[in-house]
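Asker: The sequence isn't on hand, but the structure is:
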């Protein structure tokens with residue numbers, strides 16, 4: 001690669017990095033701002049609950065009692081692993097934001113003596129359980145009635161009506177498509193994660209992300225909402241541009257350093273005879289690819305090296321070829337009370353170099369404080385949220 005090629009590569013890389021930082025950080029700041037302004041502050045918001053058919057249900061009806069403050073799967077729609085995943089995500093939401101969110105599945109509202117619309121049932125259930133902080137009224141209820149083929153995301157009164165449209169999109173795009181194909185577990189897992197994202201501004205497991213990372217996560221979420229066809233339209237030109245630049249920089253004819261005549265690139269099959277054993281092994285392992293350039297005028301030869309960034313091999317400290325393989329063996333698993341140990345075995349596939357070293361595995365984080373909750377905080381709902389049927 002000539003100095004001219006290096007300058008081009010540097011300018012292109014600098015422009016891409018600057019643009020990426022600007023977009024990611026800018027969207028990240030907006031995301032954090034959205035998060036700060038979207039969470040209930042405790043200010044009372046007055047509005048009339050929504051009323052549909054069945055809101056004037058005659059006669060009393062029962063409200064199911066909860067056994068857990070995070071997941072109550074009375075309709076048996078979730079397996080043990082799914083319940084654990086949802087519960088951990090809701091515990092994390094509570095620990096990071098203080099928001100109480102719970103998931104309830106039932107076979108039918110008729111089992112509790114109710115035959116009307118799901119909205120009044122969900123509101124009364126929400127207020128009977130007291131979901132959310134009593135001052136902020138920031139609770140969230142996801143209710144699925146399988147045999148009624150209806151569901152509801154009920155929000156605490158602190159949100160007002162500002163989040164109803166967001167919740168409706170979650171219902172329509174995340175829950176219902178899977179429910180219509182009887183894939184209830186998949187729909188609930190996806191829908192709960194999307195609900196958390198809309199409420200907290202981040203997906204489960206991403207609360208510690210920096211502003212830049214959070215920004216690009218939001219950009220990725222926007223692109224996913226556009227659909228696969230939009231991603232293809234946007235991604236294809238960018239991928240083609242990146243491939244074109246890389247191909248140009250690598251295969252562009254370069255002048256001979258001796259006589260300035262344009263050199264000719266030797267084809268892949270013929271270039272092996274100009275490589276040594278270590279270089280041929282690197283190409284075989286796909287850790288490095290070499291190009292051989294020949295000057296037709298003076299016979300000078302130049303070999304250029306192109307490392308594979310995604311190779312599982314690294315550089316050997318003894319022979320310097322990218323032929324070092326690493327194997328990890330866990331000697332002692334980490335627990336919440338003690339750190340663990342692992343052994344790293346290094347073996348070079350080109351020379352005789354071997355090395356082993358032991359490293360510490362950090363101690364696991366103890367279960368968060370939200371895991372010990374056994375009751376809700378006394379919040380209430382005024383009927384805000386979104387519903388759907390399938």
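Answerer: Right, received. Where do you want to start? Keep in mind that this is a model prediction, so the values were computed, not measured.

Asker: residues in contact with residue 360?
Answerer: Contacts for residue 360 (Cβ atoms under 8 Å, 6 or more residues apart in numbering) come out as 339, 340, 341. Bear in mind the C-beta positions are built from the backbone N, C-alpha and C, glycine included.

Asker: Quick check on the residues you listed: which are buried?
Answerer: residue 340 (16 or more other Cβ atoms under 10 Å).

Asker: For stretch 377-390, measure first residue to last.
Answerer: End-to-end distance for stretch 377-390, by Cα to Cα, to the nearest Å: 32 Å.

Asker: do the same with stretch 301-315
Answerer: Start-to-end, stretch 301-315 (Cα to Cα) is 25 Å.

Asker: Can you mark which positions in that stretch are buried?
Answerer: Under the neighbour-count criterion of 16+ other Cβ under 10 Å, stretch 301-315 has 302, 313 buried.

Asker: cool, and stretch 268-276?
Answerer: Neighbour-count burial for stretch 268-276, with 16+ other Cβ under 10 Å as criterion, is recorded at residue 271.

Asker: Quick check: mean pLDDT of that stretch?
Answerer: When pLDDT is averaged over stretch 268-276, the result is 87.

Asker: Please enumerate residues in contact with it?
Answerer: With Cβ under 8 Å, 6+ apart as the criterion, stretch 268-276 contacts 266, 280, 283, 290, 291, 292, 301, 303.

Asker: Tell me which strands the host helix or strand of the fourth one pairs with, and in which orientation.
Answerer: If I follow you right, that is residue 290. Under the criterion of DSSP states H and E, residue 290 resides in strand 288-294. According to DSSP bridges, strand 288-294 has the following sheet partners: strand 264-265 (antiparallel), strand 301-307 (antiparallel).

Asker: will you turn these into CSV that also has mean pLDDT?
Answerer: Shown next, in CSV, are those (pLDDT from 0 to 100):
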stretch, mean pLDDT
strand 264-265, 91
strand 301-307, 90
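
Asker: how many neighbours does residue 299 have?
Answerer: If you count neighbours by other Cβ atoms under 10 Å, residue 299 ends up with 10.

Asker: Tell me the secondary structure at it.
Answerer: Secondary structure, DSSP: H, G, I helix; E, B strand; the rest coil: residue 299 is coil.

Asker: Equivalent analysis for residue 189, please.
Answerer: Secondary structure assignment for residue 189 (three-state DSSP): helix.

Asker: ok, it - contacts?
Answerer: Contacts for residue 189 (Cβ under 8 Å, 6+ apart) come out as 82, 85, 86.

Asker: which ones are touching the second one?
Answerer: In other words, residue 85. Residue 85 makes contacts with residue 189, as judged by Cβ under 8 Å, 6+ apart.

Asker: avg pLDDT for the helix or strand containing it?
Answerer: Element membership for residue 85, per DSSP H and E: helix 80-97. Mean pLDDT, computed over helix 80-97, is 93.

Asker: Pull out the buried positions in it.
Answerer: By neighbour count with 16+ other Cβ under 10 Å, helix 80-97 contains the buried residues 82-83, 85-94, 96-97.

Asker: cool, stretch 103-120 as well?
Answerer: In terms of neighbour count (16+ other Cβ under 10 Å), stretch 103-120 has its buried residues at 103, 104, 105, 106, 109, 111, 114, 116, 117, 118, 119, 120.

Asker: which one of the residues you listed is nearest residue 325?
Answerer: Proximity of those to residue 325 (Cβ to Cβ) peaks at residue 103, which lies at 45.1 Å.

Asker: Just confirm that closest one is within a strand.
Answerer: Yes - the assignment for residue 103 by three-state DSSP puts it in a strand.

Asker: neighbour-wise, which of the contacts of stretch 268-276 leads?
Answerer: Neighbour counts for the contacts of stretch 268-276 (other Cβ under 10 Å) peak at residue 292, which has 20 neighbours.

Asker: residue contacts, the nearest residue to residue 147 once chain neighbours are set aside?
Answerer: Once flanking residues are discounted, residue 147 sits nearest to residue 108: 4.1 Å by Cβ to Cβ, 6 or more residues apart in numbering. Contacts for residue 108 were tallied using Cβ under 8 Å, 6+ apart; they are 145, 146, 147, 148.

Asker: can you tell me the helix or strand for the third one?
Answerer: What it means is residue 147. Here residue 147 is assigned to no helix or strand, by DSSP H and E.

Asker: Pretty sure it sits against residue 74.
Answerer: No - contact criterion Cβ atoms under 8 Å: residue 147 and residue 74 do not qualify, at 11.8 Å.

Asker: roughly how far is stretch 80-96 from the heart of the chain?
Answerer: Between the centre of stretch 80-96 and the centre of its chain there are 16 Å (Cα atoms, centre = their mean, to the nearest Å).

Asker: how many other residues sit next to the residue nearest to residue 101 when sequence neighbours are not counted?
Answerer: Nearest non-adjacent residue to residue 101, counting by Cβ to Cβ, 6+ apart: residue 140, 4.0 Å away. Residue 140 sits with 29 neighbouring residues when counted by other Cβ under 10 Å.

Asker: and what of residue 141?
Answerer: Residue 141 has 24 nearby residues by other Cβ under 10 Å.

Asker: Make sure it is actually in contact with residue 151.
Answerer: No - taking contacts as Cβ under 8 Å, residue 141 lies outside contact range of residue 151: 10.7 Å.
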